[in-house]
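Student: return atomic coordinates for the entry below.
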Amino acid sequence: MCSTDKPGRGRWLPYPAPPGSRPHRRVFLPVLLALAALSWATLWAWARSPYGRYLEHDDWTTTGSAAFLCRTIPGGEVLVPIVLYAAAWVLMIAAMMLPTILPLLALFDRLTAGRRDHGRLLILLGVGYMAAWAAFGALSQGLHAGLLSLLASTPALAWNGWLIGVACVALAGAFQFSPLKYRCLDKCRAPLGFIMRHWRGGSPARHAFVLGAHHGLYCVGCCWALMLVMFAVGMGSLGWMLVLATAMAIEKNLPWGRRISAPLGVALMGWAVAMAANGIANGV
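Tutor: As a prediction, this is how the structure comes out:
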């Protein structure tokens, strides 16, 4: 392919990969997988450390070093939890979602291998993708805080807190049958077409970030409901993280992945029914 990165020339086409890029390609995939593995290892170590409760959204302002920081830093009672929640969320997204976007990253890596700014563009693509999930994380955290406030002010709901878990799992199951789920999933499953449609010329660095964010929004669109299941089972449950990450990677990357969407929805809705039955039995 010929290429140009000058403004005003329409779409920007990547440079052909130079002959010396093959060793780089052999390194790229192991490095990316190593980053995902490092994220999982960090989450595992964090969950088993004295700070593991921070993954579970416990009250950090009462005891421990986080409480000390909350008291000593101006505005610490707000800032410290936000920073620690954000760190935990970014680690979780890196662990769970990096494997699901391997086709996009690998293809973009090959298509830009001949550019001098190749590494920077690849990083900006990843940062844009993470930014979309960070926005979803902030929204989810706000929703979580609102639910906690509602529970504190509504004793009847607090006694039946299991209803929130049932609602999250049932919503995730129902969304597996939504047309929006499949529209977003189709976008995620066609990285070459996605790059050709959404890459624009004129400002490669900015558009690499926008491309990553745009793809991240579609990824959020097809996976957000499954991520809500983590609020039902606990944000620190590495076993459930691995199960959900595997399901999302299969849905997005394997040729037959779309076939598991409906069975997964049925399983989630059945789980919600079982949770509701158990909650009603214990409540009575």
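Student: mind giving me the packing neighbours of whichever strand or helix holds Tyr129?
Tutor: Assigned by DSSP states H and E, Tyr129 belongs to helix 118-153. Contacts defined by 3 or more CB pairs under 8 Å, 6 or more residues apart in numbering; DSSP states H and E place helix 118-153 against helix 76-97, helix 102-111, helix 155-159, helix 204-233. In this view, the C-beta of every residue, glycine as well, is placed from N, C-alpha and C.
Student: any chance of those helices in TSV, plus mean neighbour count, mean pLDDT and distance to Pro179?
Tutor: Formatted as TSV, those follow (neighbours: other CB atoms under 10 Å; pLDDT from 0 to 100; distance: least, CB to CB, whole Å):
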stretch	mean neighbour count	mean pLDDT	distance to Pro179
helix 76-97	18	74	23
helix 102-111	19	86	23
helix 155-159	10	70	32
helix 204-233	20	89	11
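Student: want to throw those into JSON lines with distance to Ile250?
Tutor: Putting those into JSON lines (distance: least, CB to CB, whole Å) gives the following:
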{"stretch": "helix 76-97", "distance to Ile250": "13"}
{"stretch": "helix 102-111", "distance to Ile250": "13"}
{"stretch": "helix 155-159", "distance to Ile250": "36"}
{"stretch": "helix 204-233", "distance to Ile250": "12"}
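Student: so which of the ones you listed comes closest to Leu254?
Tutor: Of all the helices and strands packed on helix 118-153, it is helix 102-111 that lies closest to Leu254, at 10.5 Å by CB to CB.
Student: angle of the closest one against helix 118-153?
Tutor: Using axes from the mean of the first three to the mean of the last three CA atoms, to 10 degrees, one finds that helix 102-111 and helix 118-153 are set 160 degrees apart in direction.
Student: now helix 102-111: how far from the chain's centre is it?
Tutor: In terms of CA atoms, centre = their mean, to the nearest Å, the centre of helix 102-111 is found 18 Å from the chain centre.
Student: just the angle between that helix and helix 204-233, please?
Tutor: Compare the direction of helix 102-111 with that of helix 204-233 by the same axes, to 10 degrees and you get 170 degrees.
Student: spatially central residue for the protein, please.
Tutor: Among the residues of the chain, Ile93 comes closest to the average C-alpha position under CA atoms, centre = their mean, at 3.9 Å.
Student: and it, how far from Leu264?
Tutor: 20 Å (CB to CB, to the nearest Å).
Student: just for the chain, where's the confidence low?
Tutor: 1-33, 35, 46, 49-78, 80-81, 157-158, 201-202, 234-236, 283-284 (pLDDT under 70).
Student: redo that, cut-off 90
Tutor: Along the chain, the model assigns pLDDT under 90 to residues 1-119, 122, 134-168, 186-207, 226-259, 275-276, 278-284.
Student: and Arg189, how many neighbours?
Tutor: Number of residues near Arg189 (other CB atoms under 10 Å) recorded here: 18.
Student: wait, it sits on Lys252?
Tutor: Yes. With contact defined as CB atoms under 8 Å, Arg189 and Lys252 form a contacting pair (6.0 Å).
Student: what touches both of the two?
Tutor: The contact sets of Arg189 and Lys252 do not overlap (CB atoms under 8 Å, 6 or more residues apart in numbering).
Student: buried residues in the helix holding Tyr129?
Tutor: The neighbour-count check on helix 118-153 (16 or more other CB atoms under 10 Å) flags 118, 121-122, 124-126, 128-134, 136-137, 140-141 as buried.
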